[in-house]
Structure formats: C-alpha cells, structure tokens
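Student: Predicted model follows, preceded by the sequence.
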Amino acid sequence: MVRPGANLAAVAFVMATVLAGCADVPLEGAPSPSKSTAPKPTGKPTSKPSTPKPSTPLPTTAPSGKLPAAAPVLRSFPGRLPNGKPPLFVVVSFDGAGDLALWARWRAVAKQVNARMTFFLSGPYLYPGDHRTDYKPPYKKPGASDIGWGDTANILGRTKVLREAIAEGHEIGTHANGHFCGATGIGRWTTAQWTAELGAFDQMVRTGPSLATGKTVEPPFDPATVKGMRTPCLEGNRAAYRLAMAQRGMLYDASAPGYIAWPKKADGLWNFPLESVTLAGTAKKTLTMDYNLWFAQTQARKAPIAQAPALKAQVLATYRQALATSRASGNPPLFLGNHFNRWNNSVYSDALTAFVTETCKQPDVRCVSNMELASWLGRYGVPSGQNRPS
C-alpha cells in the first residue's frame, strides 16, 4: 500500500488521519432506537464469538419476479480516447446511504451530468428495530448497532429509492451492518465472522421490508449480486474479510487507503482505494473521503458558518488538484468517498456537488460506479506501464 520511497512522515499523517477521522462516524441517516429499549453494545469479548443468526423464523418474501441486480453495468466505455489515453474515471461513492432527502439530492446531481454512483448500504437501514436482536455480531450483545435501526416509514422509503436508483444505473454495495469501529470493533474479526456478517446483510435486505410491515414486501434488490464492500471506518483485517468476499464471488474492496494510481488486485479482488492527496493550500496529506477532509480542516469540529465558503473552496481546490494529478499520470481513476452528511454546514456535500457538476461532462472524464470501472478493467486490463503510484 505504501509506495517505495514515499515520505514516511506523510504516510504516518495519512494513517493517523484514517484512524482519527473514521473512529467516530456519526449516524448516516438511520433513525436510532429509543434509548429506553436500545441494547448497549459491549466491548468485552465472549469466550466464543457469536455470529449473526436469526433467533426467530423470518418471513419468506416470495418475490413476484426476478429481483434487480445490485451492480448494474448498463454502459460501455472505450479502451482509449482519441488522444490515446484511457478514460479518466471519476468514481463517487457514499457510505451508509440512509437519508432519503440526500438520496434525492445525489440522484438528481448524477442525472444532471449522466453520472453513475456507488452507494454502500448499511444493513440496519432496511431492518426494523423491534427485530434487531436477530442480528448477533461478534463480541457484541444481540441487536447491537452503532448506527441505529430502521422504522417502517424509512424502510419502505429506502426500499423504493434503492429500486429506483438501480433502475437508473447506480450500484449498491455493502457497508456491512453494525458499524463497529476502534479497538472493540471489526479489526479482530475472522473470515468466518465476516462470512456471517455478510450473511446477516443478506438477511436484512431480503426480510427487513417484510418484517417492518408485517406482510410480504419484495426486497429492493438481490443481495447475492452485491459485488463490492467498503468496511466501516476503512478498518478490518483485509486478508480475512477479502477471503469472505472472494468466496461470495465479490469483485472489489473499496476500503484501503492508497494513492492516485491504476488499481491492482489484492487477495483476489480489485483494490479500489481512498487516495492520499494534499489539502489545497497546505502541506497536509489526507484521503479523498469527506470525513477525512473535515478532520484535516477543523479536526472534525463544526466551524462558524462564516468560514463555510472558504472551507468549501479549499475542498473543491483539493479535488481539482487530484484531477490534475491524475491527468499528469496517465489518467488513473479518482476515487471520492463520502457519506450522506451535512457536516460543517454541508461544506463537503456542496464542494462535491460543484466538482461533479463541473467535471463529469469534461471530454476525457467518465463518472462511473465502482462496478462500471471493474467491468472496464475486466475487459481492457490495467493500461500497460500505468500501474505505478503518482
């Protein structure tokens, strides 16, 4: 992951930013259960780690037809542009994908510029809180979740919007379930525990809407067709969870920090990293993730609203610098990671909107989902001599 000869201090700063910037991710659009009924997670390991397993029989959904695939690839792109270079792929993705208002915003932005995006869904956003104890995460009490659970109205709203987004060509990946970060989180999970976690995600997608309503509701998509994951907080034993992904037939991991470079495969999967960039106007290194940019700017503290224009301009300039770096390096993809957020007076959402709007229609740029990029790489491979970090 660290390129030869890289500045060790810069690398250390980036890794510190990953750990500090992702340790306490706020709720990503899901309603929390009431404090009186929500079980409190514990960091104490049990003698035998538990794995997700339903405690009661779950309803069958009996879908009326074939469920939509989670990772549609409806477009194709040339191997080379008229200038002889490969397309410059810009990949915008979101973690959590719960907030219905922000779903509407980003679908509208994408439609405006003919972009496709990837949305890494958290399982509890489709699962009702009164059935949360069906989820048995490792080392935690049944029903533990650091991002809350769904309620009927939001689950049905998300089910509808997921179907619509897939029909528009957007991709749904998985962000796993309970969003457990830090010392007592996902970092110690084994392949078997990750396999159970991904199985629990499948269960939530397939049965959550029906459980929420008490009647059969067709799931929004077939969870078996999910092809990629971003782990909570970019954490986890990569070899362990990637083996679980590969055994399911998944194709890429979007969790690891990295550099602006053509992707390579690791542990049998394409490695689509969040990339190290320089925060515009400073010598600070950060990642192309909204939370990390917030951390680099204000230590993830809300700044006075009067500072919002300057902070937005700095983020936009950072994205533009990254695009220029790609162009100067043979057009390797630019991966921009985000949350459904309104952090710091919506500085990061507003900056990303401005960047997508001005960039995605540029002649050499293609704004694609992770799966569209994976499909292109599967067809053309990494351009010869173009897989070195910039």
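Tutor: The structure has been received and is ready for your questions.

Student: what ranges do the strands span in the stretch 151-300 of the chain?
Tutor: 171-174, 228-229, 252-253, 257-258, 265-266, 269-271, 274-278, 285-287 (DSSP state E, counting those that start in this stretch).

Student: May I see those strands organised as JSON lines, with mean neighbour count, distance to Arg206 and mean pLDDT added?
Tutor: Placement of C-beta: from N, CA and C, glycine included. Formatted as JSON lines, the strands of the stretch 151-300 of the chain follow (neighbours: other Cβ atoms under 10 Å; distance: least, Cβ to Cβ, whole Å; pLDDT from 0 to 100):
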{"stretch": "strand 171-174", "mean neighbour count": "26", "distance to Arg206": "13", "mean pLDDT": "98"}
{"stretch": "strand 228-229", "mean neighbour count": "27", "distance to Arg206": "17", "mean pLDDT": "98"}
{"stretch": "strand 252-253", "mean neighbour count": "26", "distance to Arg206": "23", "mean pLDDT": "98"}
{"stretch": "strand 257-258", "mean neighbour count": "21", "distance to Arg206": "33", "mean pLDDT": "97"}
{"stretch": "strand 265-266", "mean neighbour count": "15", "distance to Arg206": "30", "mean pLDDT": "96"}
{"stretch": "strand 269-271", "mean neighbour count": "21", "distance to Arg206": "24", "mean pLDDT": "98"}
{"stretch": "strand 274-278", "mean neighbour count": "23", "distance to Arg206": "30", "mean pLDDT": "98"}
{"stretch": "strand 285-287", "mean neighbour count": "24", "distance to Arg206": "33", "mean pLDDT": "98"}
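
Student: could the ones you listed go into TSV alongside distance to Met245?
Tutor: TSV is the format used below for the strands of the stretch 151-300 of the chain (distance: least, Cβ to Cβ, whole Å):
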stretch	distance to Met245
strand 171-174	9
strand 228-229	6
strand 252-253	7
strand 257-258	17
strand 265-266	11
strand 269-271	6
strand 274-278	17
strand 285-287	21
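
Student: What are the boundaries of the strands in the stretch 1-150 of the chain?
Tutor: 88-96, 118-121.

Student: outside of the shortest one, which residues touch it?
Tutor: The list of residues contacting strand 118-121 from outside it, by Cβ atoms under 8 Å, 6 or more residues apart in numbering, reads 91-97, 162, 165, 170-175, 205, 228-230, 254, 369-371.

Student: Just the buried ones out of the residues you listed, please.
Tutor: 91-97, 162, 165, 170-175, 205, 228-230, 254, 369-371 (16 or more other Cβ atoms under 10 Å).

Student: which of the residues in the longest helix seen in the chain are buried?
Tutor: Counting by DSSP state H, the longest helix found in the chain is helix 191-213. By neighbour count on 16+ other Cβ under 10 Å, the buried set for helix 191-213 is 191, 193-212.

Student: Please name every helix or strand in contact with that helix.
Tutor: Counting contacts by 3 or more Cβ pairs under 8 Å, 6 or more residues apart in numbering; DSSP states H and E, helix 191-213 packs against helix 152-167, helix 238-247.

Student: Looking at those helices, which is nearest to His339?
Tutor: For these, the distance to His339 is smallest for helix 152-167, at 15.5 Å, taking Cβ to Cβ.

Student: how far off helix 191-213 does the closest one point, in degrees?
Tutor: Relative orientation of helix 152-167 and helix 191-213, computed by axes from the mean of the first three to the mean of the last three Cα atoms, to 10 degrees: 110 degrees.

Student: ok, for Phe272, nearest residue in space, not its chain neighbours?
Tutor: The shortest distance from Phe272 to any non-neighbouring residue, by Cβ to Cβ, 6 or more residues apart in numbering, is to Ala254 (4.5 Å).
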